[in-house]
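Novice: Here's my sequence, what's the structure:
(4 chains)
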Protein chains: 2
Amino acid sequence: MNPATQRQSKRTAFLLSQLGAVASSRFAERTRGIGLTPGDAGVIRLLGRAPGLSQRSVAEKLGIVPSRVVPLIDSLEGRGLVDRTRSSTDRRNYELHLTDAGQQVLHELRGIAEQHEAELLAPLTGDQAAQLGVLLAQLADAHGLDRDLHRGSVSQSG
Amino acid sequence: MNPATQRQSKRTAFLLSQLGAVASSRFAERTRGIGLTPGDAGVIRLLGRAPGLSQRSVAEKLGIVPSRVVPLIDSLEGRGLVDRTRSSTDRRNYELHLTDAGQQVLHELRGIAEQHEAELLAPLTGDQAAQLGVLLAQLADAHGLDRDLHRGSVSQSG
DNA sequence: TCAAATGGTTCACCTGGAGAATTATTCTGT
DNA sequence: ACAGAATAATTCTCCAGGTGAACCATTTGA
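Specialist: The predicted structure is shown next:
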């Protein structure tokens, strides 16, 4: 390994940190454009895929603490995006659903995610982007990430 | 582009966000082991490469606000890692240097960064890691990152 | 020499996040 | 059937990291 290669390899982990932060903050910027924090976006995407979850489950799937979920849902409910109804079979917990407005926002969110992806990967050729996708998926898998949304994804954009 | 490929490509940006966060938090864990916050580590690495900087310059290079630098240096100085001396030519600003103890910590930090890199990239073959390095460097470059330590690097581990 | 600019500091403030304690409800073992 | 354990949601207090405005000391420049 020549010096240049070695130096570069020493920085790959930092590049990953920095690019990850850039990706997160740019995504946050976009969601802010439609009035959502990254946390809001995470909840909406989750409820889109798994309607009827309880707040407890949301906390678990998003890797946050239940007490954090309360104000998050409060705010979403207040804006008419999420519906909180007591479960009829277990009156301790809620069943959370997107309202029609929430579905609409989810739709916008999908568009935003696509633009985000396109902008971020624009500097790469199609082949390179595909390569990168494979490598990152491999890393994510090996490091136990990515089945479901999980730990940290709220503050990381999704 | 078949559906599977498309789906994957839609998630590359999120993978990047998530892996970046994992990388940052694992690095933070390691530095915590030697009593440093990520911010501390960023300052020490910076002063190792550019001794004599003023607090203003540190703020600028690290992409943080000057008022944040004050308690950061306070703490480092309090632990005897950084030396704060008034410039003799301009008594408004300080010249910041690592003490001997600070140099020692910088050395430990380098070891930590190597372990971090190794752990993070362990799931990849040497070729793959090299590929990844190239792709990330290309992205970082295109997105205006990485000349010097800059914006966000403090809170991101480097 | 006086006004503007610059470096550092303090302060009040905001956000995201954690954890303990509390209330309401449901489940379980005897 | 019912006391006690477990569970869902909530409230509260607390912390870390980060921002911007105001302020003081010093230097620069018209």
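Novice: Quick check: closest non-adjacent residue to A:Leu15.
Specialist: B:Leu136 (4.2 Å; C-beta to C-beta, 6 or more residues apart in numbering or on different chains). Quick note: C-beta positions are derived from backbone N, CA and C, even for glycine.
Novice: I'd like to know which elements the helix or strand containing that neighbour is packed against.
Specialist: According to DSSP states H and E, B:Leu136 maps onto helix B:126-142. Applying 3 or more C-beta pairs under 8 Å, 6 or more residues apart in numbering or on different chains; DSSP states H and E, one finds that helix B:126-142 makes contact with helix A:3-33, helix A:126-142.
Novice: which parts of stretch A:36-46 are buried?
Specialist: Residues of stretch A:36-46 classed as buried by neighbour count (16 or more other C-beta atoms under 10 Å in any protein chain shown): A:Leu36, A:Pro38, A:Gly39, A:Asp40, A:Ala41, A:Gly42, A:Val43, A:Ile44, A:Arg45, A:Leu46.
Novice: same thing with stretch A:113-127?
Specialist: A:Ala113, A:His116, A:Glu117, A:Leu120, A:Leu121, A:Leu124.
Novice: What lies in contact with it?
Specialist: With C-beta atoms under 8 Å, 6 or more residues apart in numbering or on different chains as the test, stretch A:113-127 has contacts from A:23, A:26-27, A:30, A:129, A:132, A:158, B:9-14, B:16, B:135, B:138-139, B:141-143.
Novice: Run through the residues of chain A sitting next to DNA strand D.
Specialist: Within chain A, the positions near DNA strand D by C-beta under 7 Å from any atom of the strand are A:54-57, A:66-67, A:69-70, A:73, A:84, A:90, A:92-94.
Novice: Out of the helices and strands in chain A, which is least certain?
Specialist: The helix or strand of chain A with the lowest confidence, counting by mean pLDDT, DSSP states H and E, is helix A:153-156 at a mean of 42.
Novice: want to try JSON lines for the buried residues of stretch A:113-127, with distance to DNA strand C, pLDDT and secondary structure as columns?
Specialist: Formatted as JSON lines, these follow (distance: C-beta to the nearest atom of the strand, whole Å; pLDDT from 0 to 100; DSSP: H, G, I helix; E, B strand; the rest coil):
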{"residue": "A:Ala113", "distance to DNA strand C": "19", "pLDDT": "95", "secondary structure": "helix"}
{"residue": "A:His116", "distance to DNA strand C": "18", "pLDDT": "95", "secondary structure": "helix"}
{"residue": "A:Glu117", "distance to DNA strand C": "22", "pLDDT": "95", "secondary structure": "helix"}
{"residue": "A:Leu120", "distance to DNA strand C": "21", "pLDDT": "96", "secondary structure": "helix"}
{"residue": "A:Leu121", "distance to DNA strand C": "25", "pLDDT": "97", "secondary structure": "helix"}
{"residue": "A:Leu124", "distance to DNA strand C": "29", "pLDDT": "97", "secondary structure": "coil"}
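Novice: between these, which is nearest B:Leu106?
Specialist: Distance to B:Leu106 across the buried residues of stretch A:113-127 (C-beta to C-beta) is lowest for A:Leu120, with 32.8 Å.
Novice: what does chain A have sitting close to DNA strand C?
Specialist: A:Thr37, A:Gly39, A:Ile64, A:Val65, A:Ser67, A:Arg68, A:Asp90, A:Arg91, A:Arg92, A:Val154, A:Ser155.
Novice: pLDDT weak spots in chain A?
Specialist: A:1-10, A:146-158 (pLDDT under 70).
Novice: and the residue of it nearest chain B?
Specialist: Residue nearest to chain B within chain A: A:Gly20 (1.1 Å; C-beta to the nearest C-beta).
Novice: Now do the contacts for that residue.
Specialist: Neighbour list for A:Gly20: A:Gln156, B:Leu16, B:Ser17, B:Gln18, B:Leu19, B:Gly20, B:Ala21, B:Ala23, B:Ser24, B:Gln156 [criterion: C-beta under 8 Å, 6+ apart].
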